[in-house]
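Chemist: structure for the following, please:
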Amino acid sequence: MEFHIITLFPEMFEMPIASGILARAIAAGLVGVTAHPLRPFGLGSYRQVDDTPYGGGSGMVMRPEPIAAAIDHVIGAHPGLLRVLMTPQGEPLGQERVRSLAAHPAGLLLIAGRYEGVDERVRALVDCEISIGDYVLSGGELPAMVVIEAVARLMPGVLGNPDSLREESFSAGTLEYPHYTRPEEFRGMRVPEILLSGDHERIRAWREQQALARTRRRRPDLLAPRKRG
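Modeler: All right, here's what the predicted structure looks like:
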């Protein structure tokens, strides 16, 4: 899976891809991550990428020309990429959406805005818009990193144990069940006896029950589709 990012701050991606799962996936040739600097596509001798908003208002708005030129440049070299604008106005990112992004064969082009946002006409240049939550950040770089991490770990071979994907939160439409490890007792809190029983079928049933109960308590909205069904 190839990830390309258009950004004013390509250096922000250096550390995340140099450690952990992503670093191993890149080294194994399973994932590629390339940050394309937007500034060279800026206008004039100062490489301007933003301007004051029409109609007044605070802050600056990213101009459409540099972004369009950068998109054309990346797509010209890597045709077929799904063009994704990272914006708080976009579709909320959930695990189903992550799976659909992971299924795109050519890879993703993530566009990270800055300042007060991008010129509205940029939206006509992308295939979809994605938000990672109902809050505002200084730019789209951190959301783009979230998308890269979430999608990359679904690629075959990226995780050491592929079975873990089936047990994680949201994979089955619920939060994940509680986890325990050594010691058996910690500050008066004991590991549930069933996990020490060795009875794998009872453990499986307990985990499923715990996952459902935890979801009802913490995220009942995740169970709403089940109720409608």
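
Chemist: can you tell me how far the residue nearest to Gln48 when sequence neighbours are not counted sits from Glu116?
Modeler: Sequence neighbours aside, Gly42 is the residue nearest to Gln48 in space, at 5.2 Å (criterion: C-beta to C-beta, 6 or more residues apart in numbering). To be clear about C-beta, it is placed using only N, CA and C from the backbone, and glycine gets the same treatment. Using C-beta to C-beta, to the nearest Å, one obtains 17 Å as the distance from Gly42 to Glu116.

Chemist: comparing the two, which shows the higher neighbour count?
Modeler: Gly42 (19 against 14; other C-beta atoms under 10 Å).

Chemist: contacts only, for that one.
Modeler: Gln48, Val49, Pro66 (C-beta atoms under 8 Å, 6 or more residues apart in numbering).

Chemist: what do you get for Met86?
Modeler: The contact partners of Met86, by C-beta under 8 Å, 6+ apart, come to Leu110, Ile111, Ala112, Gly113, Glu129, Ile130, Ser131, Ile132, Gly140, Pro143, Ala144, Val147.

Chemist: hmm, Gln89 and the fourth one touching each other?
Modeler: No - judged on C-beta atoms under 8 Å, Gly113 makes no contact with Gln89 at a distance of 10.3 Å.

Chemist: and the two? Which one has more around it.
Modeler: Gly113 (26 against 10).

Chemist: for the more buried one, give me the pLDDT.
Modeler: For Gly113, the model assigns a pLDDT of 94.

Chemist: could we number from 610 for the rest of this?
Modeler: In the new count, where the first residue is 610, that last one comes out as Gly722.

Chemist: what's the closest non-adjacent residue to it?
Modeler: Distances taken as C-beta to C-beta, 6+ apart place Gly749 nearest to Gly722, at 4.9 Å, with adjacent residues excluded.
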